[in-house]
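Participant: next one to model:
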Amino acid sequence: MIKNILMMLGLLFAFSASAVEVDFGEPIEVELKISTVIMNDDGMLVTYEGEAGKYGMVFATHNYVPSNEEETQGNFTGNVQAIDDNGMIDRVFTAGLWRRDGVKLRVYGYDDDRAHRIMWVGDGDLKSKVFKVKVWELD
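Facilitator: Take a look at the predicted model:
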């Protein structure tokens, strides 16, 4: 019995010692305007725009596809284009998951940026047309 308990404690310690630690650091906080919301046969298409700090002016399009009958959650794909103050354009693919509660939207995304892999979380209000985003550069 004691042997089994010691073995279980050893396994627990081995798993916890190999746990991955991640420090994303401080996020860049951005507020974008929801420009359009278009309902279609696949779900909805939402476009965003706004000043995004060091990224410059950002324009984004997300195609939200529901995964349940109530259309309260699902996945999305899209594109983001940023134009910095020097006129340089960076276009990236973005994808992730979303959930909706009434007019409130929570989005978890990843961008395949040229300079960095980007992870972000956004909270949108489809009524007030505001989308607040926290952005972390992963590498």
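Participant: next one, pLDDT for the most centrally placed residue in the chain please.
Facilitator: By CA atoms, centre = their mean, the chain has its centre lying nearest to G109, at 2.2 Å. Listed pLDDT for G109 reads 97.
Participant: is it in a helix, a strand, or coil?
Facilitator: strand (DSSP: H, G, I helix; E, B strand; the rest coil).
Participant: hey, what's it bridged with?
Facilitator: With DSSP bridges as the criterion, G109 is bridged to G96, W120.
Participant: low-confidence regions, this protein specifically.
Facilitator: Within the chain, the ranges that satisfy pLDDT under 70 run 1-19.
Participant: and the helices in it?
Facilitator: 2-17 (DSSP state H).
Participant: residue boundaries of the strands in it?
Facilitator: Assigned strands in the chain, in chain order: 28-40, 43-51, 57-66, 73-83, 89-101, 104-112, 117-125, 130-137 (criterion: DSSP state E).
Participant: how about the ones you listed in JSON lines, adding distance to V20?
Facilitator: In this view, the C-beta of every residue, glycine as well, is placed from N, C-alpha and C. Converted to JSON lines, the strands of the chain look like this (distance: least, CB to CB, whole Å):
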{"stretch": "strand 28-40", "distance to V20": "23"}
{"stretch": "strand 43-51", "distance to V20": "31"}
{"stretch": "strand 57-66", "distance to V20": "29"}
{"stretch": "strand 73-83", "distance to V20": "24"}
{"stretch": "strand 89-101", "distance to V20": "20"}
{"stretch": "strand 104-112", "distance to V20": "17"}
{"stretch": "strand 117-125", "distance to V20": "15"}
{"stretch": "strand 130-137", "distance to V20": "16"}
